[in-house]
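Asks: here's a sequence, model it:
(chains A and B)
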Amino acid sequence: MSAHATAPVRGPRQVGGPRRPGRPRRPLFGNRPTRSPLLRALVKHSVMIITLTLMLYPLLWMFGASLRPDNQVFTTLGLWGSDLTLDNYAAGWSGGDQLNFSRFFLNSLTITVLSIVGNLLACALTAYAFARLEFRFKKTLFALVIGTLLLPYHVTLVPQYILFNQLGWVNTILPLVVPKFLATDAFFIFLMVQFIRALPSSLDDAARIDGCGHWGIFWRVVMPLSIPALGTSALFTFINTWNDFLGPMLYLTEPDSWTVSQGLASFLDATGQSAYGSLFAMSTLSLVPVLGFFVAAQKLLVEGIATSGLK
Amino acid sequence: MRQHDPGAAGTQVTAGPPATPRDRRDRSRDRRAGRRAAADNRAAYAFLTPWLIGMLVFTIGPMLFSLYLAFTRYDLSSAPEWVGLANFERMFTTDPRYFDSVKVTLTYVAWSVPLLLAVSLGLALLLNRGMRFLTGYRALFYMPSLIGGSVAVAALWRQIFGEEGIVNKALALVGIEHTSWVGDPNSALHTIVILQVWTFGSAMVIFLAGLRQIPRELYDAASVDGAGALRRFRSVTLPMLSPLVLFNLLLSVVNAFQAFTSAYVVSNGTGGPSDSTLFYTLYLYEQGFAQLNMGYAAAMAWVLVLGLALFTGFLFLSSRYWVHYGDER
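Replies: Residues are numbered from 1 along each chain as shown, chains lettered A, B, ... in the order given. Got it, this is the predicted structure:
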């Protein structure tokens, strides 16, 4: 369901760093001196390439199929058909059968952007308090954060729906967005607490001497230094929100307010074999932002370390 | 946590006039420290306000309400009606589909979690030492974990394992005929297992990071003692990696128990064919939101919470015997 944040978050200081040069590299397997390193490398790379091809072929095939005319979608195992066409993209985007994907993309984008802003802001505020301040009941409250970390979302699914229904928020994006502004995703709090704790507190002290209060330290010192953690959180909030299906399915009932996930799912429900070209075209489009964001955020993470001023 | 000594600022300021009696300086410092602590307390709760509200309104409140609902019959239109243990009775005695959903979910966990761990650990070991293009491979292997939970990929899965899907096309090349894999109750669940295992990249990245941390000296020492590759793996790599095995195990179990989108899309929302992909979450959704048995759904959710808590508790207890934290060295 949720892509749990597992990308390596690099700490502000790289402990250990890269492998010291000049030491012999000893592989785990195949360390017999009789086998040449070249052969070993060849075997390893072959294993990697074959595994990757098997794994990624379905995605490539989907992309190829999305460029074929509807009657040729399933005819081949190969990637390209004889005719290439963008008709499927045009049909899906403009909404031939009431499935207006330009609308769905806009809806998904709105919800995702608001979720990222909310999550980063609320979780960073919470994390700052846990990582940098002493206060009463700190241990108890932090235990609550950890406790909700592993809590299955099902237990709040029904009562939350009842609550939002009472509030009249069903069929608005509020149920999907408002909780994000209230730091309901403990995972990101935990991630940021770990990160902020590792930042040297001498920087806080310097800022305090320069007259900063907690608010100033938070905005001017901790937030800029936390860009790697914020980037990781943004990436995973993006992916979780963009891929989310259950939430929108519960709360967005009018086709006008549907997200991309709902649009794709209704393709499967409503239409027959003839629309698979459009399904694959819109599926491909729906994956592009996720992969693009991944590439961009990776860069951001690296730059975050380079520009943090801590070497 | 905070390296900052609460008295430090006070000392700096009051260190000025040397004639000040010591006790007065101390008192002033204490007062300042007290003021600072009170200010910290206020600031902390200001920073925590959004989270506290969210916690009360969206987590603790709903949890308590859901606990109450579990003992009621409630369909959203009329007030909840107290039925005692009836929901649980129905679950454990008269609802065969509930048992199916438990069976499907446990089967899914039992297949997907070990497979995922084995694949991610195996590839991490291969990728670990002195490999060219490591970052490229790592990113490509990681990619499926980002999109594995999406409707797009689940829909694609339904096609590639369908009657005319590319899996059957590839099998036909070697002369094997097969009907739809997602339409067959014996194989439908396994297509979803494959989808989960396909997202092994995130676990692999964690293993890779862990392998980096293993001191080379341990391998050298083992080699000197005459340990072969397999023995080095069993006696050095595996124990040193065991905390991460526990971490990945926990994450993938929790993820597998909560799988929803893939099952919903692959089975077209039915959990079919013949309930073979009726995941716990899917059945909970169906009961709560399609049939509006919200009391029953709340009871199901609480059984899941307790089940998962028992399961993770057992994992943590057992970890004392197989997880090595390196402090005994």
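Asks: who's in contact with residue 52?
Replies: If you meant another chain, say so; for now it's chain A. Contacts for residue A:52 (Cβ atoms under 8 Å, 6 or more residues apart in numbering or on different chains) come out as B:137, B:140-141. In this view, the C-beta of every residue, glycine as well, is placed from N, C-alpha and C.
Asks: sorry, I should have been clearer: chain B.
Replies: Per Cβ under 8 Å, 6+ apart, neighbours of residue B:52: residue B:45.
Asks: so for whichever strand or helix holds it, mean pLDDT?
Replies: If you go by DSSP states H and E, residue B:52 is part of helix B:22-54. Average pLDDT, helix B:22-54: 81.
Asks: buried ones in it?
Replies: Under the neighbour-count criterion of 16 or more other Cβ atoms under 10 Å in any protein chain shown, helix B:22-54 has B:25, B:29, B:32-33, B:36, B:40-41, B:43-45, B:47-52, B:54 buried.
Asks: after it, heading C-terminal, what element do we hit next?
Replies: Assigned by DSSP H and E, the successor of helix B:22-54 is helix B:61-69.
Asks: who does that following helix touch, helix- and strand-wise?
Replies: helix A:154-167, helix B:294-322 (3 or more Cβ pairs under 8 Å, 6 or more residues apart in numbering or on different chains; DSSP states H and E).
Asks: that one: what's the following helix or strand?
Replies: strand B:72-73.
Asks: wait, does that next one contact chain A?
Replies: No: if you take Cβ under 8 Å from any Cβ of the partner chain as the test, strand B:72-73 misses chain A, and the best it gets is 11.2 Å.
Asks: remind me what that strand packs against, helices and strands.
Replies: By 3+ Cβ pairs under 8 Å, 6+ apart, strand B:72-73 packs against strand B:81-82, helix B:294-322.
Asks: ok, it: who's next to it in the sheet?
Replies: strand B:81-82 (antiparallel) (DSSP bridges).
Asks: most neighbours among the contacts of residue A:52, which one is it?
Replies: Of all the contacts of residue A:52, the highest neighbour tally under other Cβ atoms under 10 Å in any protein chain shown goes to residue B:141, namely 25 neighbours.
Asks: give the buried residues for the helix or strand it falls within.
Replies: Here residue B:141 sits within helix B:134-147, counting by DSSP H and E. Neighbour counts over helix B:134-147 (16+ other Cβ under 10 Å) mark B:137-138, B:140-147 as buried.
Asks: do a quick rundown of the helices in chain A.
Replies: A:37-66, A:87-94, A:101-132, A:138-149, A:154-167, A:174-177, A:186-197, A:202-209, A:214-216, A:223-225, A:227-243, A:246-251, A:260-270, A:276-306 (DSSP state H).
Asks: for the ones you listed, which one ends up most surrounded?
Replies: helix A:227-243 (a mean of 24; mean count of other Cβ atoms under 10 Å in any protein chain shown).
Asks: could I get the helices and strands packed on helix B:61-69 as a markdown table with mean pLDDT and distance to residue A:39?
Replies: As requested, the helices and strands packed on helix B:61-69 are exported to a markdown table (pLDDT from 0 to 100; distance: least, Cβ to Cβ, whole Å):
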| stretch | mean pLDDT | distance to residue A:39 |
| --- | --- | --- |
| helix A:154-167 | 92 | 51 |
| helix B:294-322 | 91 | 36 |
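Asks: to residue B:93, which of the ones you listed lies closest?
Replies: helix B:294-322 (13.2 Å; Cβ to Cβ).
Asks: that closest one near chain A anywhere?
Replies: Yes: using Cβ under 8 Å from any Cβ, we find that helix B:294-322 touches chain A at B:294, B:297-298, B:300-302, B:304-305, B:308, B:312.
Asks: just the residues you listed now: which is nearest residue A:91?
Replies: For these, the nearest to residue A:91 is residue B:297 (38.2 Å; Cβ to Cβ).
Asks: wait, that closest one touches residue B:290, no?
Replies: No: using Cβ atoms under 8 Å, residue B:297 is not in contact with residue B:290; the gap is 10.0 Å.
Asks: more neighbours: which of these two?
Replies: residue B:297 (27 against 9).
Asks: ok, the closest residue to the more buried one other than its chain neighbours - contacts?
Replies: Take residue B:297 and drop its neighbours on the chain: the residue closest to it by Cβ to Cβ, 6 or more residues apart in numbering or on different chains is residue B:288, 3.0 Å away. Residues in contact with residue B:288 (Cβ under 8 Å, 6+ apart) are A:157-158, A:161, B:294, B:296-298.
Asks: can you name the residues that contact residue A:166?
Replies: For residue A:166, counting by Cβ under 8 Å, 6+ apart, there are no contacting residues.
Asks: helices along the stretch 151-300 of chain B, start to end?
Replies: B:151-160, B:166-173, B:188-198, B:201-213, B:216-224, B:229-232, B:238-257, B:261-266, B:280-285, B:294-322 (DSSP state H, counting those that start in this stretch).
Asks: can I get these in a markdown table with distance to residue B:107?
Replies: Formatted as a markdown table, those follow (distance: least, Cβ to Cβ, whole Å):
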| stretch | distance to residue B:107 |
| --- | --- |
| helix B:151-160 | 18 |
| helix B:166-173 | 21 |
| helix B:188-198 | 6 |
| helix B:201-213 | 20 |
| helix B:216-224 | 38 |
| helix B:229-232 | 31 |
| helix B:238-257 | 11 |
| helix B:261-266 | 12 |
| helix B:280-285 | 11 |
| helix B:294-322 | 15 |
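Asks: where in chain A is pLDDT low?
Replies: A:1-35, A:81, A:95-98, A:269-274, A:299-311 (pLDDT under 70).
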